[in-house]
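Chemist: Just the structure for this:
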Amino acid sequence: MMEALSPPSGLTVEVVEDVLLVVPQGLMTEEALRQCQEQVLALARQTGLRRALYDARHMVAPEAHIALMQQQLDGELGDMRLRRAIVVPGTRIAYLARIAFFEGEDRVFYDDVEAALAWLRSES
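Modeler: Here you go, the predicted structure:
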């Protein structure tokens, strides 16, 4: 089952089987990050899915304020809890991902989508 919302250029947010798949490409901007969060939340509400795989292997490392902005957006989630696996290509994006997704059930994986999916699915 695949269902997607119309994303901005360089961003895909869709349902693949039992997870929300988020694929940012290129440089993440403030506007793209807002749209990404809105699309993830819309699909989570629509489908009831709370597991999200962020495949950031083709993303250019953004400035630190983008990671801090993700923290702020997550603060506005209310009672919605997401379990997120973030797949990164290297240490710079891993560091930023740990800043961005520092609360809740989030984990960073280095270039290993299969391990990320296994972890996401390890708990209902």
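
Chemist: Show the contacting residues for Phe109.
Modeler: Residues in contact with Phe109 (Cβ atoms under 8 Å, 6 or more residues apart in numbering) are 85-88, 115-116, 119. C-beta here means a position set from N, CA and C on the backbone, and glycine is covered the same way.

Chemist: any chance you could map the strands in this structure?
Modeler: For the chain, applying DSSP state E gives strands covering 2-4, 11-16, 19-24, 26-27, 51-55, 59-60, 83-88, 105-110.

Chemist: what stretches of the chain score poorly on pLDDT?
Modeler: Within the chain, the segments meeting pLDDT under 70 span 1-9, 124.

Chemist: what do you get if the cut-off is 50, keeping everything else the same?
Modeler: Counting by pLDDT under 50, the chain contains low-confidence ranges at 1-8.

Chemist: quick revisit: closest one of the contacts of Phe109 to Gln72?
Modeler: For the contacts of Phe109, the residue nearest Gln72 by Cβ to Cβ is Ile86; the value is 17.4 Å.

Chemist: Around that closest one, count how many other residues there are.
Modeler: Using other Cβ atoms under 10 Å, the number of residues around Ile86 comes to 22.

Chemist: residue contacts, it?
Modeler: 54, 56, 97, 101, 106-109, 116.

Chemist: Drop anything exposed from these.
Modeler: 54, 56, 97, 101, 106, 108-109, 116 (16 or more other Cβ atoms under 10 Å).

Chemist: Give the bridge partners for the spatially most central residue of the chain, please.
Modeler: Closest to where the C-alpha atoms of the chain average out (Cα atoms, centre = their mean) is Tyr54, at 3.7 Å. Under the criterion DSSP bridges, Tyr54 forms beta bridges with Val22, Ile86.

Chemist: Would you confirm that it contacts Leu20?
Modeler: No: taking Cβ atoms under 8 Å as the definition, Tyr54 is not a contact partner of Leu20, at 9.0 Å.
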